[in-house]
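**Student:** give me a 3D structure for the following:
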Amino acid sequence: MRHFTLDRLADGTVQLVFDKAEAAVNTLSQEVLTELGEVLDRLERERPQALVIRSGKPSGFIAGADVDEFGAVHDEAGALAIVRRGWDTFERLAHVGYPTLALIRGFCLGGGLELALACRYRVAVDDPSTRLGLPEVMLGILPGWGGVKRLPRLVGAPAALDLLLTGRTVDARRAKKLGLVDAAVPVRVMENTVRGMLRAAPAPRSLPLPLSLTLNPVARRFIASRAGKEVARRARREHYPAPYAILELFRKYDGNALAVPASDPASIPALLRSPTAANLLRVFKLQERLKSLGKDDAFQAKHVHVVGAGTMGGDIAAWCALRGLTVTLQDQSAERIAPAMQRAGKLFADRLRDARRVRDAHDRLIPDVAGDGVARADVIVEAIFENLDAKRGVFAALEKKARPQAILATNTSSIPLEDIAQALGDPTRLIGIHFFNPVSRMLLVEVVVGEKTRADLVAQAAAFVRQIDKLPLPVKSAPGFLVNRLLAPYLMAAMRAVEEGIAPATVDAAALAYGMPMGPIELADTVGLDICVEVGRLLGTSEAPPARLMTLVEARHLGKKTGRGYYEWAEGKPKKVPPGVIPDGFAERLVAPFVAEAHAALADGIVADADLVDAGAIFGTGFAPFRGGPLHATASH
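**Tutor:** Have a look, this model is predicted:
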């Protein structure tokens, strides 16, 4: 066998180790599933006492299906063949006459979780790298190998639909609490846990009575209807058909993907025919490309020093501490650092949900008024306010104290690196590592390359960005870099539409109908109207800013942060009146400056190629993912 190794232990248990040949991660290709079928044939002849399925790769359990095979599907028969292959194999695994157990360490996603669900028992290793989920909805498809059938029977319909419709993942402890796994244990006792569970052979988990009632056909219809209303608030059916197909598969077909007629919009052939699936698959590959940047560089940071404890600096420091690095956070006084520490505490509590891990994260984040951490840091990030002279002063002082091999990075959102680097004796040391607000939610980080930035720093900075679980995008130092350059003309076009008499709520509704995650007027209020003006000035646009924008800024009505901008804000949300009628073609007119700027940025060589422009637009601005990016969307029409 190429991908599996069978090891029969003294007690008659067979260990099946999955280590996909010539691959960094385990994925379930046609060849792998065929080989798994052959394993089951052999075990039918040579029946084991029990079967343990585990990964032979340090990267994780199974990442899911081989998505490249989806791209090769061109007809209904090909789509159904993929569904049947996995469905039949996992149905067979679920009905073998001996106990089966999936030992899960690291990621267990998509088809990997569907395989684990087909086992009688699941043991997850309680480690930060362990994540379980069914993210198919994010690729515009649905779990077709039994996930929609088995997950509700294991955790109940409400929790199952939450996972299925969002694609979110859970850690080992949350999986245990839900009933998704039978045990969540430290790595040191995982082998004993596996042996003990197989020896005890408990009855497979059954749902408590209240949750079992959620599987009743009448309850299924009610729950699916309620979930459908929630989905409709987040995603339009015409843009994202997959969550609606999942609900239909659950409600009408009890999760059996093979029972759905190919003509039904809920069928996998129908989903794979939709442009959404092709474009979301493209988005997935763009994400994988960004993840690959910097992976060949050996740079690993242990200590990060952040200068500036404002919203951005404090949140960058907190995120790095959350991801396991030691962080020193510097500002002019302890009072200035205190709010950042409070926000960090909330982030740690929300994300870690474990008192010990929260305490450890707090211990890693160290207030540092004197800046003593500079001399020990591997990465130093300047995140003070946008003022050239102030930034130059900071870097002149940092260079004297920093280790020669430390990365010197600025989080500037718009100032050219060449201007800041003039303060350094060695300007080749400066690179931009530009985060977006809110740091904890925005995946993209621009790695800004100045005219004199050393080439080796680009790979090191990208490796650091990946280390903290963000997506690095190398961009050329130029006004606005990529993301702000794309956003600025789009936001200004929206504000000018308001000047023409179109209500802000109508402008936002048009953008949402196009597929943007947030309307441009709400986005401008969220970013801060003063920042919008400043970015426009730095980009050197020839047109005067909209009059109402300037009136609001002069009155210090700056948007969300002051409670009033284009909208009144209350409890972090804008007060919106119902939108009026959207004029024909208005959404396309609104997005046209964004698309035009994307073409201009490509022509100016801000990033290496068109795919990276699209990646920056999607992950940095939220440009409608189902369209595949601004350049791809216009090229495909």
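**Student:** C-alpha from now on. contacts and neighbour counts both.
**Tutor:** Fine.
**Student:** so what's residue 304 bridging to?
**Tutor:** Beta bridges link residue 304 to residue 327, residue 379, judged by DSSP bridges.
**Student:** residue numbering should commence at 26 henceforth.
**Tutor:** With 26 as the first residue, the last one maps to residue 329.
**Student:** so who does it touch?
**Tutor:** Counting by Cα atoms under 8 Å, 6 or more residues apart in numbering, residue 329 touches 342, 345, 350-353, 402-406.
**Student:** do the same with residue 336
**Tutor:** The neighbourhood of residue 336, defined by Cα under 8 Å, 6+ apart, consists of residue 365.
**Student:** any idea how far it lies from residue 368?
**Tutor:** Note on residue 336: its distance to residue 368, by Cα to Cα, to the nearest Å, is 9 Å.
**Student:** do the same with residue 67
**Tutor:** According to Cα to Cα, residue 67 and residue 368 sit 56 Å apart.
**Student:** now do the one helix or strand residue 363 maps to: everything it contacts.
**Tutor:** Assigned by DSSP states H and E, residue 363 belongs to helix 359-377. Helix 359-377 is contacted by residues 334-336, 339-340, 343-344, 347, 354-356, 380, 383, 386-387, 392, 394 when judged by Cα under 8 Å, 6+ apart.
**Student:** which of the residues you listed are buried? Put it as a PyMOL command.
**Tutor:** Applying 16 or more other Cα atoms under 10 Å to the contacts of helix 359-377 leaves a buried subset, and the PyMOL line that selects it is:
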select buried, resi 334+335+336+339+340+343+344+347+354+355+356+383+386+387+392+394
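**Student:** rewinding a little: got a markdown table for the contacts of residue 329, with distance to residue 128 and neighbour count too?
**Tutor:** Shown next, in a markdown table, are the contacts of residue 329 (distance: Cα to Cα, whole Å; neighbours: other Cα atoms under 10 Å):
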| residue | distance to residue 128 | neighbour count |
| --- | --- | --- |
| 342 | 35 | 31 |
| 345 | 30 | 24 |
| 350 | 28 | 20 |
| 351 | 31 | 22 |
| 352 | 34 | 30 |
| 353 | 38 | 26 |
| 402 | 38 | 24 |
| 403 | 36 | 22 |
| 404 | 37 | 24 |
| 405 | 40 | 25 |
| 406 | 40 | 27 |
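**Student:** need the strands for the stretch 176-325 of the chain, in chain order.
**Tutor:** 194-195, 208-210 (DSSP state E, counting those that start in this stretch).
**Student:** out of those, the one nearest residue 552 is which?
**Tutor:** Of all those, it is strand 194-195 that lies closest to residue 552, at 28.7 Å by Cα to Cα.
**Student:** quick one: neighbours of residue 47, just the number.
**Tutor:** 9 (other Cα atoms under 10 Å).
**Student:** kindly report the same for residue 451.
**Tutor:** By the criterion of other Cα under 10 Å, residue 451 has 12 neighbours.
**Student:** quickly note the distance from it to residue 413.
**Tutor:** Counting by Cα to Cα, the gap from residue 451 to residue 413 is 18 Å.
**Student:** then residue 634?
**Tutor:** With distances taken as Cα to Cα, residue 634 is found 30 Å from residue 413.
**Student:** please tabulate the strands of the stretch 176-325 of the chain in a markdown table, including the columns mean neighbour count.
**Tutor:** Listed next are those as a markdown table, based on neighbours: other Cα atoms under 10 Å:
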| stretch | mean neighbour count |
| --- | --- |
| strand 194-195 | 18 |
| strand 208-210 | 21 |
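**Student:** of all these, which lies closest to residue 603?
**Tutor:** That would be strand 194-195 among the strands of the stretch 176-325 of the chain, by Cα to Cα, at 34.7 Å.
**Student:** so what touches the closest one?
**Tutor:** The contact list for strand 194-195 (Cα under 8 Å, 6+ apart) reads 156-160, 188.
**Student:** from those, which ones fall inside helices?
**Tutor:** In helices, judged by DSSP state H, the following of the contacts of strand 194-195 are found: residue 188.
**Student:** which one of the contacts of strand 194-195 is nearest residue 230?
**Tutor:** For those, the nearest to residue 230 is residue 157 (17.9 Å; Cα to Cα).
**Student:** which strand residues bridge that closest one?
**Tutor:** residue 133, residue 195.
**Student:** return the distance of it relative to residue 267.
**Tutor:** 20 Å.
**Student:** for residue 318, same thing?
**Tutor:** Counting by Cα to Cα, the gap from residue 318 to residue 267 is 30 Å.
**Student:** which of the two has more neighbours?
**Tutor:** Taking neighbours as other Cα under 10 Å, residue 318 and residue 267 compare with residue 267 leading, 30 against 21.
**Student:** the more buried one contacts residue 160, doesn't it?
**Tutor:** No: if you go by Cα atoms under 8 Å, residue 267 and residue 160 don't touch, sitting 11.1 Å apart.
**Student:** and the residue nearest to residue 112 when sequence neighbours are not counted, which of the three is it?
**Tutor:** Nearest residue to residue 112, sequence neighbours excluded (Cα to Cα, 6 or more residues apart in numbering): residue 170, at 4.2 Å. Following DSSP: H, G, I helix; E, B strand; the rest coil, residue 170 is assigned to coil.
**Student:** neighbours around residue 170, how many?
**Tutor:** So residue 170, with other Cα under 10 Å, has 30 neighbours.
**Student:** what do you get for residue 608?
**Tutor:** Around residue 608 there are 11 residues (other Cα under 10 Å).
**Student:** pLDDT below threshold where in the chain?
**Tutor:** Scanning the chain for pLDDT under 70 picks out the ranges 661-662.
**Student:** center of it - which residue?
**Tutor:** The residue lying closest to the centre of the chain (Cα atoms, centre = their mean) is residue 468, at 6.2 Å.
**Student:** wait, what's in contact with it?
**Tutor:** Going by Cα under 8 Å, 6+ apart, residue 468 touches 494-496, 644-645.
**Student:** how much space between the closest residue to residue 270 other than its chain neighbours and residue 108?
**Tutor:** Excluding the flanking residues, the one nearest residue 270 by Cα to Cα, 6+ apart is residue 291, at 4.0 Å. Relative to residue 108, residue 291 is positioned 13 Å away (Cα to Cα).
**Student:** and what of residue 296?
**Tutor:** Using Cα to Cα, residue 296 is found at 12 Å from residue 108.
**Student:** between the two, who's got more neighbours?
**Tutor:** residue 296 (23 against 19).
**Student:** isn't that one up against residue 266?
**Tutor:** Yes: with contact defined as Cα under 8 Å, residue 296 counts as touching residue 266 (7.3 Å).
**Student:** what is in contact with these two at once?
**Tutor:** Common contacts of residue 296 and residue 266, defined by Cα under 8 Å, 6+ apart, comprise 165, 290.
**Student:** quick one: the helices in the stretch 26-175 of the chain, in order.
**Tutor:** Using DSSP state H, counting those that start in this stretch, the helices found in the stretch 26-175 of the chain span residues 55-70, 93-96, 101-119, 136-142, 172-180.
**Student:** just to revisit the earlier point, neighbour-wise, which of residue 67 and residue 368 wins?
**Tutor:** Just comparing residue 67 and residue 368: by other Cα under 10 Å the higher neighbour count belongs to residue 368, 14 against 11.
**Student:** that'll do, ta.
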